[in-house]
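Colleague: Structural data only, the sequence is not supplied:
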């Protein structure tokens, strides 16, 4: 497996575009994107478990559950199309029908996604104009992928995209991805908005099961602020144009594809955490020595979600009591007198707790490590062999500023 340049257009048979339709008040920011496969592609998805779900979530769940394939993903930023009732659902259908008219794709093969302010209805004249604009500039270039990745952003400070290749069944298979997310980040399914394309041929049931498995250790291990969005959606398209034999779990190439997909999902998940609203550094929490994988997940996620710990990371303060406290209320049973905590960065590390008690560590050295980006807290509870990693970010003054002014 190797990393290559590009995003969602890197695999064979995919085109993309990103334009400014005029949804956002800014006169310059792109706000609509589309991904199109040359041929119908096996589709899979995971979605928010928030009881309050946006209209596009209902539309996409219907397609993923009822259709073997899809062929396009239309995305807008600026308006979430959430809490919009029947009109919001009707507008999803209208979006799909407009894409069908201009791209020659059946409406039931068109997935839609939205992100932005909750409670506002889509302005369909603007949306339809945007789809018309997208139809004139779709391309299979790196630049087109960049435009699409930029157009889906809200409070993000940078685009997030990746592409990798691997060898399966003697064929070169490519996987590309893009996502957005910076605030209202606490996934309980998959992610904020993420879209993955691949030219691999994969059985639909196999793909859906693999996606549900892989999000547990990637997007579901990310938190910026503890708020699970109404719009969280992760969609995958597999068009089979690489020419490999259709993958199932029993085949030799399955593990290779799984590893490559994990690489894409983990990269995108970490990119979201690293771009958390107002953050200054990526905060990575590794829990080792747990009795089970689930225990390790729960503990690492509890620490990465702790507002007090996140604030301490921002202040470069080695307040390990906050870490141990967050571990203690996680719900996992462990012996606090067997806990070790290490702070680490790329080139250095410092043991700050051994057997539940502070070591004679240097506060200056701890501050130096906590000034790095990314910074790690490595926990060991000495209860077994399981491990898990969670990703988050520090909590800053800027987070409050951004979210106090979000609608203005």
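Modeller: Perfect, thanks for sending it. Bear in mind that the values here come from a model prediction, so they are computed numbers and not experimental data.
Colleague: hey, which helix or strand in the protein has the poorest pLDDT?
Modeller: Every helix and strand of the chain was ranked by mean pLDDT, DSSP states H and E. The lowest is helix 397-404, at a mean of 86.
Colleague: Could you pull out the buried residues of that helix?
Modeller: Neighbour counts over helix 397-404 (16 or more other C-beta atoms under 10 Å) mark 399, 403 as buried. In short, each C-beta sits where N, CA and C put it, glycine included.
Colleague: got it, and stretch 327-347?
Modeller: 327, 330, 332, 334, 339, 340, 341, 342, 343, 344, 345.
Colleague: Measure how far stretch 226-240 is from the centre of its chain, please.
Modeller: Relative to its parent chain, stretch 226-240 has a centroid offset of 7 Å by C-alpha atoms, centre = their mean, to the nearest Å.
Colleague: Stretch 397-408 too?
Modeller: Distance of stretch 397-408 from its chain centroid, counting by C-alpha atoms, centre = their mean, is 22 Å.
Colleague: what residues does it touch?
Modeller: Stretch 397-408 is contacted from outside by 117, 155, 183, 225, 276, 277, 278, 279, using C-beta atoms under 8 Å, 6 or more residues apart in numbering.
Colleague: tell me the least confident of those?
Modeller: Ranked by pLDDT, those bottom out at residue 183, which has 68.
Colleague: thinking again about what came up before, closest one of the contacts of stretch 397-408 to residue 169?
Modeller: residue 276 (39.3 Å; C-beta to C-beta).
Colleague: Using the three-state scheme, assign that closest one.
Modeller: Following DSSP: H, G, I helix; E, B strand; the rest coil, residue 276 is assigned to coil.
Colleague: didn't it look like it was pressed against residue 157?
Modeller: No: using C-beta atoms under 8 Å as the test, residue 276 is too far from residue 157 to be in contact (9.8 Å).
Colleague: So those two - more neighbours on which side?
Modeller: The neighbour count for residue 276 versus residue 157, taken as other C-beta atoms under 10 Å, is higher for residue 276 (30 against 12).
Colleague: could you check the distance from the more buried one over to residue 254?
Modeller: 34 Å (C-beta to C-beta, to the nearest Å).
Colleague: can you check residue 105 too?
Modeller: Applying C-beta to C-beta to residue 105 and residue 254 gives a distance of 29 Å.
Colleague: Could you pull out the helices in the stretch 251-400 of the chain for me?
Modeller: All helices of the stretch 251-400 of the chain, identified by DSSP state H, counting those that start in this stretch, fall at 254-274, 293-305, 307-314, 320-328, 363-370, 397-404.
Colleague: What backbone torsions are found at the closest residue to residue 264 other than its chain neighbours?
Modeller: Spatial nearest neighbour of residue 264, chain neighbours left out: residue 177 (4.6 Å); criterion: C-beta to C-beta, 6 or more residues apart in numbering. Backbone dihedrals for residue 177, given as degrees, to the nearest 10, come out at phi -150, psi 160.
Colleague: low-scoring stretches of the protein, by residue?
Modeller: Flagging of the chain using pLDDT under 70 yields the residue ranges 27, 183-185, 187-191, 228, 406-408.
Colleague: could you redo the last one with a cut-off of 80?
Modeller: 26-28, 182-192, 224-229, 405-408 (pLDDT under 80).
Colleague: Skipping adjacent residues, who's closest to residue 162 in space?
Modeller: residue 267 (4.7 Å).
Colleague: roughly how far apart are that neighbour and residue 218?
Modeller: 9 Å.
Colleague: Among the two, which residue is more densely surrounded?
Modeller: Comparing residue 267 with residue 218 by other C-beta under 10 Å, the one with more neighbours is residue 218, at 26 against 17.
Colleague: so that one touches residue 261, yeah?
Modeller: No: assessed by C-beta under 8 Å, residue 218 is found out of contact with residue 261, at 9.3 Å.
Colleague: what's the distance between the residue of the chain most remote from its centre and residue 371?
Modeller: No residue in the chain sits farther from the centre than residue 360, which is 39.0 Å out by C-alpha atoms, centre = their mean. Separation of residue 360 from residue 371 (C-beta to C-beta) stands at 21 Å.
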